[in-house]
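1. Below are the sequence and a predicted model for it; my questions follow.
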Amino acid sequence: MTGSRIPHRAPSSAPARHEDDTAAALGEDVPPGGAPGHGGEPGRLCSTVPADPSWASAVRRMVTQHLARLRLSADQCDSAVLATDELFANAVRHASRGPRDTVTLTVERTARTLRVTVADRSPLLPRRRAADAAAESGRGLAIVAALADDWGLAPPEPGTPGKRVWFTLSLRGAAS
């Protein structure tokens, strides 16, 4: 699953992102071997974007490009991008309290796992719901649970409000 190839530009009211994360957030090139703003730390991407649904395609594109550099299998990339998209959508829909809210996305690879964390500023905890066949929403966490090897909640970074929702994928057969 990939996002649109059209560059997405932030609305003029978009909050500032972490240093050097603008290129990644817009799906533009990031230096090989690492994510912007993190000293070229291989396997890690961290970016803060507006908590706005119009940013979903930029988030998908950013994650897809980062995972391509990590040389994951196509199935692993597709699962990671879809699960990330679901967590981003949940953060925007259920945790955003206004136009200045942001969501921070972190993607980290170790030798055996990929961990994606989506942090927002809301203290409201996500919960799995049973959606009937006609419902247009309510399946996000079930999708994450089906795609990921594990998922859960973590407290926010010290000194910040909100929560972090994460998932992990085991990297079976991934090139190192």
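-> Great, that's in hand.
2. worst-scoring helix or strand of this structure, pLDDT-wise?
-> With mean pLDDT, DSSP states H and E as the measure, the helix or strand of the chain carrying the lowest mean pLDDT is helix 22-25 (a mean of 40).
3. Give the next helix or strand downstream of that helix.
-> Scanning forward in sequence from helix 22-25 by DSSP states H and E, the next helix or strand is strand 44-50.
4. Moving C-terminal from that following strand, which element do we reach first?
-> With elements assigned by DSSP H and E, the helix or strand that comes after strand 44-50 is helix 56-69.
5. Put the alpha carbons of the following helix or strand past that following helix into PDB.
-> Following helix 56-69 in sequence order, the next helix or strand is helix 74-90 (DSSP H and E). The C-alpha coordinates for helix 74-90 follow below in PDB (Å, rounded to 0.1, in the frame of the first residue of the first chain):
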ATOM      1  CA  ALA A  74       7.000  -6.300   0.600                       C
ATOM      2  CA  ASP A  75       4.500  -8.100   3.000                       C
ATOM      3  CA  GLN A  76       6.200  -6.600   6.100                       C
ATOM      4  CA  CYS A  77       6.200  -3.100   4.500                       C
ATOM      5  CA  ASP A  78       2.500  -3.400   3.600                       C
ATOM      6  CA  SER A  79       1.600  -4.600   7.100                       C
ATOM      7  CA  ALA A  80       3.700  -1.900   8.800                       C
ATOM      8  CA  VAL A  81       2.300   0.900   6.600                       C
ATOM      9  CA  LEU A  82      -1.300  -0.200   7.000                       C
ATOM     10  CA  ALA A  83      -1.000  -0.600  10.800                       C
ATOM     11  CA  THR A  84       0.700   2.800  11.100                       C
ATOM     12  CA  ASP A  85      -2.100   4.400   9.000                       C
ATOM     13  CA  GLU A  86      -4.700   2.900  11.400                       C
ATOM     14  CA  LEU A  87      -2.900   4.300  14.500                       C
ATOM     15  CA  PHE A  88      -2.500   7.700  12.800                       C
ATOM     16  CA  ALA A  89      -6.200   7.800  11.900                       C
ATOM     17  CA  ASN A  90      -7.200   6.800  15.400                       C
END
